[in-house]
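please work out how this folds:
(chains A, B, C and D)
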4 protein chains.
Amino acid sequence: MKTKVAIIGASGYTGMELMRILAGHPHVELTAVTSRQHVGVPVAELFPSLRQVVELSFMDNQVAEIAGLADLVFTALPHKAAIEVVAELHAAGKRVIDLSADYRFSDRALYESWYQPHTAPELLAQAVYGLPELFRAEIPRARVVGNPGCYPTSVILPLAPILVSGLVAPESTIVVDAKSGTSGAGRGLSLGSLYCEVNENFKPYKVGNHRHQPEMVEQLERASGLTPQLLFVPHLLPVSRGILSSIYVPLARSVTGAEIEAALARAYGEETFVRLLPAGTLPTLNAVRGSNYCDIGYVLAAEQRSLILFSAIDNLVKGAAGQAVQNMNLMLGLPETAGLLSVALAP
Amino acid sequence: MKTKVAIIGASGYTGMELMRILAGHPHVELTAVTSRQHVGVPVAELFPSLRQVVELSFMDNQVAEIAGLADLVFTALPHKAAIEVVAELHAAGKRVIDLSADYRFSDRALYESWYQPHTAPELLAQAVYGLPELFRAEIPRARVVGNPGCYPTSVILPLAPILVSGLVAPESTIVVDAKSGTSGAGRGLSLGSLYCEVNENFKPYKVGNHRHQPEMVEQLERASGLTPQLLFVPHLLPVSRGILSSIYVPLARSVTGAEIEAALARAYGEETFVRLLPAGTLPTLNAVRGSNYCDIGYVLAAEQRSLILFSAIDNLVKGAAGQAVQNMNLMLGLPETAGLLSVALAP
Amino acid sequence: MKTKVAIIGASGYTGMELMRILAGHPHVELTAVTSRQHVGVPVAELFPSLRQVVELSFMDNQVAEIAGLADLVFTALPHKAAIEVVAELHAAGKRVIDLSADYRFSDRALYESWYQPHTAPELLAQAVYGLPELFRAEIPRARVVGNPGCYPTSVILPLAPILVSGLVAPESTIVVDAKSGTSGAGRGLSLGSLYCEVNENFKPYKVGNHRHQPEMVEQLERASGLTPQLLFVPHLLPVSRGILSSIYVPLARSVTGAEIEAALARAYGEETFVRLLPAGTLPTLNAVRGSNYCDIGYVLAAEQRSLILFSAIDNLVKGAAGQAVQNMNLMLGLPETAGLLSVALAP
Amino acid sequence: MKTKVAIIGASGYTGMELMRILAGHPHVELTAVTSRQHVGVPVAELFPSLRQVVELSFMDNQVAEIAGLADLVFTALPHKAAIEVVAELHAAGKRVIDLSADYRFSDRALYESWYQPHTAPELLAQAVYGLPELFRAEIPRARVVGNPGCYPTSVILPLAPILVSGLVAPESTIVVDAKSGTSGAGRGLSLGSLYCEVNENFKPYKVGNHRHQPEMVEQLERASGLTPQLLFVPHLLPVSRGILSSIYVPLARSVTGAEIEAALARAYGEETFVRLLPAGTLPTLNAVRGSNYCDIGYVLAAEQRSLILFSAIDNLVKGAAGQAVQNMNLMLGLPETAGLLSVALAP
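Now for the predicted structure:
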């Protein structure tokens, strides 16, 4: 007997990706997808890759109706729009995985300083941050999971174990130079997302004021007990999918590769979806595109007093829909990797 | 003493390209550019490639004001919007090169069946189709030039001399399989122009109902006295610039390469901007990107009874702004190649 | 009990793709992969996407050794190199799916006129052309399957049913304007495959002398009893994966859309991997990338006397490795779709 | 009377770019180009963009013969190969601009520790580092110019004035996270330069051991009197052209934007080819592609105690051939911008 799941706000890239992954999932059944803008339109009309795969049509975003069709609901709405919808689904007894930022923060004030007033603060307080490799214990019983942002996933995973290890120089600034594919900007119409603006181009953006920075810091604090000073600089890559983060960590002392590898292995030695690359091997987007893996590599420099961590993920999979399904698997007591073992598409 | 020129509707890719080319033109001075949407904004803010190159700010589309600032005006407005603006500029005594479709057709009814009612039919009747290699004689004295469409330029140039040669099988269907870069779709916001929709993708579109087809046919008739039956199928390429057209011509008899080359050389042997490739060499977009060249190559097949013509242009240069400047040069009695000899940017 | 399979010549893109697909196959086990050039190298070192997915190292191309490790072998060697290897595997009692052209032709003379002398003609005579949707019956008992070429797959599938329908004008020339992604050129080093030569570029190549043309014609004859005159013109697309073919078919008379749809539905109405698009919908590469689907659409033009067929496949999947696995499933009596239902990766 | 110039080693991307730029130069004439591999081949056959633009054929690399044909010679040979050729040209009384690394270093030992023994050390000692904006005075009389590397140009230009300003925290590590297009890897055949390996991909490479690092450090020392500690990490971008460097500079104290802008303006306020972007505007590759500009922008972060500098250049123009022509102009007493004012090609 398959569990019934639904997606509210399924007409963006994250929604499409959820449908792609869920279509191959052995233990759940996708029963409803919604899009206010495309009510009544067959999914295949909007997303031809899903023809004969997802036979549904988009419904309106009626929470009551959706609640009657599914036991667990993914919300893939824009920030702010999700707050109320998640609260209503919760009130209707549904479990929810929210892919917006609205339920990711523990600190309401922090959320409000970067986004807007939160109208469901008690629910925010209950919500669980869905990064299984670091916070797995809380997820199975969660009623609402705040699914991590794409950049935070790519930064927290490599950096948290190094902070935990005590090797980082205190008071130091950690530079996070991150590069993301364009699907991270979503399927909305904006000049900056036009083909001719992105193709053959590359540029930094939102330097010093990207909203993923406080999310990273809050979770790194939670994971390590330390408050890192991050200088987070995102850049836009002319690729459809993928984030590669280069993270520059001043060390407290000269450190060996074995120490770094031990710190990472302690955290992820048993994890399926975090691949620790052997010394001398560095991540590439090609190795993760379309997959739920996070690849992590490192280099020691400056007489081994500087550590450079590199991570690569697919922003739509481990950075969004894949991680959401991983959380769903934990919530439903299914094998954590169910539906998520597809290999990266390279080239 | 430089001639003063202006651009009305300069915030799209065609307008940007006109500014790029005019910035390097030795004999004219760009005195005004307009954009209803960006009044008062410095050009460099919208188009950072033009920083310290074009020091103007966008003005409103006030014809009277522009007419006072320039002797010749380029109109790079959307179809329909251009009709009235061109007429007003003409009434103000200005010479105009219009980059929309509004002044390209000789046959008003044909225009109206594909576009909309034409509110300045007498001016349409006077306007000259600005394809210099075939219709150079009329351009110098033209008051209004209808600048050719990008696809028509890429098809008429290779095909007209072959029709003229009498080698084409009568009553035959000529397949025109054309592939265009995405800048041809303009800088407007549309889902189909988003990076993630175009990148790594390829597709046919508007098959059998693209408005460039009647334009091609009308001009081919004019050039050759024959009415070709074209099957025109455009496709969208994941590149920013360039059109490559593959044109399949059934021949009346078995024909030699020398005959084809002679027909092309008769038309273009003295032309700077049409490069006839040697037998065995075929066009590529790399060879024309950013330049005003049209490269033409051919293959004979099926016992030399089928001719395949290939042409490559940069849709923004020879297919739009470059050709417009070529027309301007002719209208102003300047060397036809002035400002237009920059070499293609490869890779 | 899983069937053991091996891949000889696994260091190219086709080999990599076979590994990707087989890694997710529920009923077979990949026991050996070979590469003369990389003997002893772990697969993950060459193909980081396969880290922790394929734990093998490359072996030498020793047929005897491989024969001891697998019951069915994929050969992904260059043309010519495969002839002997396949023959040796066959002599060793192994079933073989050969992804080169060496076992695709029924007509030995035809093969030899386009390739080289065939040193195992009796085996060639027994080999089966592995295009399941048209020639499924012969595959289950085949000892050697010649896996179809990528272009032929993209052309034969849409065109065969139309030829069968009797709607095509006799003696007419069918233009096949095909566009392929660059992975079709393989992983070998050649100037034409360099990033800077392909990126932002587009061009025709091997016009009138591509070796996939005789393959198409032979199989279309077999499927329809007619000998079509094809004018096959391949072009190189700046994408990694995908073939889109535009096929221009002169019709014997004015035909309705319903007739075309009926002809296609008769052939593929029950097929999983051929998706017939509704009237007005045309294929795109985005809809098939990474999947085993062939999408087919059409347009009628010229007073319905011309048919334009469009097909899209992923050249590495339905055009190579996916189709090979589909053949394997048939040969092993497994569900034909096993391991092949992954959805296209879009964007 | 135009000065005669030649290019030795003209079959790579740098050679092609030199030809493109020199073709539009008003004061020099390109009289000879060489390529050992393509002796006798017309330039247009190798580089179709240069058809009817450069009418030469490649000659052999015979220094004596070239010396008879030109007064100034560009050498665009691989590192090491250039040492002797430059020395011979010098001995023949020719002025030389060398685009390899062989004449860039003042410190012979430093060169030899990163490259190989230098067999013309006395000439190395005389050679001038050709970065006009910082070291213009020495260039006009130079006999041999070592043309800067692409990464060093993109890093030294923004960073030198900041070091000079005294605002940088002493003993601090400056992170240089640089991203380069693929033409930087040259036109040689290597797996890592294949389209399918680069397209949709992104990755760091040569972390901590790229040979451009000592070059940067030596010139920054020369320009500022300080020895910066750089952590230089190059990455490979899926674009043909362009380098964007993100440079993270710890400051000695809290600094204002006005101070940064003053430091940059002091160095480059009068320069044509360095564009200082207004506060809040950051560089993009689109703004410089095909042009000789270096765009520089900045952000202050971490309570204004961290400076992030961003620079964008076209690696083949300001990072190679354009800068070489700028040096030539200075050496020949021509206007420094002659032939170099073409606007970036965007989109």
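
okay, CA-based contacts and neighbour counts for the rest of this
OK.

distance check, the residue of the stretch 51-200 of chain A found nearest chain B against A:Ala185.
Nearest to chain B in the stretch 51-200 of chain A, going by C-alpha to the nearest C-alpha, is A:Tyr195, at a distance of 3.6 Å. Going from A:Tyr195 to A:Ala185 by C-alpha to C-alpha, to the nearest Å gives 13 Å.

which non-adjacent residue is nearest A:Ile83?
A:Asp102 (5.9 Å; C-alpha to C-alpha, 6 or more residues apart in numbering or on different chains).

list the contacts for that neighbour?
A:Asp102 sits next to A:His79, A:Lys80, A:Ala82, A:Ile83, A:Tyr111, A:His118, A:Leu124, A:Gly146 when contact means C-alpha atoms under 8 Å, 6 or more residues apart in numbering or on different chains.

please apply the same query to A:Leu231.
A:Thr173, A:Ile174, A:Val175, A:Val176, A:Gly208, D:Ala301, D:Ala302.

quick revisit: A:Tyr195 and A:Ala185: which is more packed in?
A:Tyr195 (27 against 15; other C-alpha atoms under 10 Å in any protein chain shown).

per-residue pLDDT, A:Asp262?
Careful, residue A:262 is Ala; it's not Asp. pLDDT recorded at A:Ala262 is 98.

any idea which element it lies in?
Per DSSP states H and E: A:Ala262 is located in helix A:257-268.

tell me which other helices or strands that helix touches.
helix A:132-135, helix A:150-164, strand A:274-276 (3 or more C-alpha pairs under 8 Å, 6 or more residues apart in numbering or on different chains; DSSP states H and E).

format those as TSV; extra columns: mean neighbour count.
Output for the helices and strands packed on helix A:257-268, formatted as TSV (neighbours: other C-alpha atoms under 10 Å in any protein chain shown):
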stretch	mean neighbour count
helix A:132-135	16
helix A:150-164	24
strand A:274-276	23
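
turn the ones you listed into JSON lines, including mean pLDDT and distance to B:Asn329.
Output for those, formatted as JSON lines (pLDDT from 0 to 100; distance: least, C-alpha to C-alpha, whole Å):
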{"stretch": "helix A:132-135", "mean pLDDT": "98", "distance to B:Asn329": "66"}
{"stretch": "helix A:150-164", "mean pLDDT": "98", "distance to B:Asn329": "52"}
{"stretch": "strand A:274-276", "mean pLDDT": "98", "distance to B:Asn329": "62"}
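
on that earlier part again, could you tell me the angle between the helix holding A:Ala262 and helix A:150-164?
Relative orientation of helix A:257-268 and helix A:150-164, computed by axes from the mean of the first three to the mean of the last three C-alpha atoms, to 10 degrees: 120 degrees.

which residues of chain A lie near chain B?
For chain A, the residues in contact with chain B (C-alpha under 8 Å from any C-alpha of the partner chain) are A:182-183, A:187-191, A:193-196, A:198-199, A:239-240.

show me which of the contacts of A:Leu231 are buried.
A:Thr173, A:Ile174, A:Val175, A:Val176, A:Gly208, D:Ala301 (16 or more other C-alpha atoms under 10 Å in any protein chain shown).

out of those residues, flag the one nearest to C:Glu336.
Taking C-alpha to C-alpha as the measure, C:Glu336 sits nearest to A:Val176 out of these, at 47.4 Å.

need the pLDDT of the closest one.
For A:Val176, pLDDT reads 98.

did I read that right, it in a helix?
No - with DSSP: H, G, I helix; E, B strand; the rest coil as the criterion, A:Val176 is located in strand rather than a helix.

list the contacts for it?
A:Val155, A:Leu230, A:Leu231, A:Phe232, A:Val233, A:Ser245, A:Ser246, A:Ile247, A:Tyr248.

show me where chain A has strands.
A:3-8, A:28-34, A:58-59, A:72-75, A:95-98, A:128-129, A:144-146, A:173-180, A:203-204, A:229-236, A:243-250, A:274-276, A:294-301, A:306-313 (DSSP state E).

other SSEs contacting the first one?
If I follow you right, that is strand A:3-8. Partner elements for strand A:3-8 (3+ C-alpha pairs under 8 Å, 6+ apart): strand A:28-34, strand A:72-75.

tell me the strands beside the shortest one, with direction?
Yep, that's strand A:72-75 we're talking about. According to DSSP bridges, strand A:72-75 has the following sheet partners: strand A:3-8 (parallel), strand A:95-98 (parallel).

would a markdown table of these with mean neighbour count be doable?
Shown next, in a markdown table, are these (neighbours: other C-alpha under 10 Å):
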| stretch | mean neighbour count |
| --- | --- |
| strand A:3-8 | 22 |
| strand A:95-98 | 28 |
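
separation between the residue nearest to A:Thr227 when sequence neighbours are not counted and C:Met1?
Sequence neighbours aside, A:Glu221 is the residue nearest to A:Thr227 in space, at 5.2 Å (criterion: C-alpha to C-alpha, 6+ apart). Distance check for A:Glu221 against C:Met1: by C-alpha to C-alpha, it reads 49 Å.
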